[in-house]
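> model this:
(2 chains)
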Amino acid sequence: NAGVTQTPKFRVLKTGQSMTLLCAQDMNHEYMYWYRQDPGMGLRLIHYSVGEGTTAKGEVPDGYNVSRLKKQNFLLGLESAAPSQTSVYFCASSWGSLTGELFFGEGSRLTVL
Amino acid sequence: AQTVTQSQPEMSVQEAETVTLSCTYDTSESDYYLFWYKQPPSRQMILVIRQEAYKQQNATENRFSVNFQKAAKSFSLKISDSQLGDAAMYFCAYRSRGNKLVFGAGTILRVKS
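I've put the predicted structure just below:
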């Protein structure tokens, strides 16, 4: 049972480099989310998607871009990485209902030097 | 914007004892869901319990129960008969029809043997 899979799990970048985090889910969920987790701040929503081809901004979208070209995939891009983007990133997916539990990936630890 | 506040950065409990984790939230909406998620050292996010705002009855899942006070916008988690495996970070979360899940900053629970 794959569930929600994030790649890569770890990455070290230099300031100014770009990279893409890939999230894949095999549960046919409509909704997908990208969060970042920082000490003392919980999980903060970066971007989310309510369906294929749609994206929306969350609480902390600056410096990130996303795409949802296929229903099962949600990509998070950093065009020019900054040290402030050092964090653990979580992808999640859910059914499109208020009650829907979010299913999370295992997280991706990104360090920007 | 909705906010979720967990005022206890860290809590400790003796094994087999009971502990209560606090959560308050701010919203002007009437229809929403509240969740408690557990994050052990493995980083995996695990749903512990959920509460529908329109239900007055408090949700219960085995040793986990909530005290939901809608008027006070309070949603505390009670863990009975605490076990070593309960040690983790606990996050309170709020979800409305906008379908964004907003998290609190988290409470670290330590269980002493």
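> So what's the residue count around B:V13?
Neighbour count for B:V13, taken as other CB atoms under 10 Å in any protein chain shown: 19. Glycine gets a C-beta too; all of them are placed from N, C-alpha and C.
> quick one: which helix or strand includes it?
Following DSSP states H and E, the helix or strand that holds B:V13 is strand B:10-14.
> After that strand, which helix or strand is next?
Toward the C-terminus, strand B:10-14 is succeeded by strand B:19-21 as the next helix or strand (DSSP H and E).
> Now do that following strand: everything it contacts.
The contact list for strand B:19-21 (CB atoms under 8 Å, 6 or more residues apart in numbering or on different chains) reads B:6, B:8, B:11, B:13, B:36, B:67, B:76-79, B:82, B:90, B:92, B:107, B:109.
> At the geometric centre of the chain, which residue do we find?
Using chain A. Nearest residue to the geometric centre of chain A (CA atoms, centre = their mean): A:W34, 2.8 Å.
> look at chain B instead
B:W36 (3.5 Å).
> That one contacts B:A88, doesn't it?
No: taking CB atoms under 8 Å as the definition, B:W36 is not a contact partner of B:A88, at 10.9 Å.
> what's the burial count for the residue nearest to the residue nearest to the centre of chain B when sequence neighbours are not counted?
Excluding its sequence neighbours, the residue lying closest to B:W36 (CB to CB, 6 or more residues apart in numbering or on different chains) is B:V48, at 4.4 Å. The number of residues packed around B:V48, counting by other CB under 10 Å, is 19.
> Sheet partners, orientation included, of the helix or strand harbouring B:V48?
Taking DSSP H and E as the definition, B:V48 sits inside strand B:46-52. In the sheet containing strand B:46-52, its partner strands are strand B:32-39 (antiparallel), by DSSP bridges.
> before we move on, back to that, per-residue confidence for the residue nearest to the centre of chain B?
Per-residue confidence at B:W36 stands at 97 (pLDDT).
> Around chain B, pick out the residues from chain A.
For chain A, the residues in contact with chain B (CB under 8 Å from any CB of the partner chain) are A:31, A:33, A:35, A:40-45, A:48, A:50, A:58-59, A:88, A:90, A:92, A:94, A:96, A:98-99, A:101-102, A:104, A:106-107.
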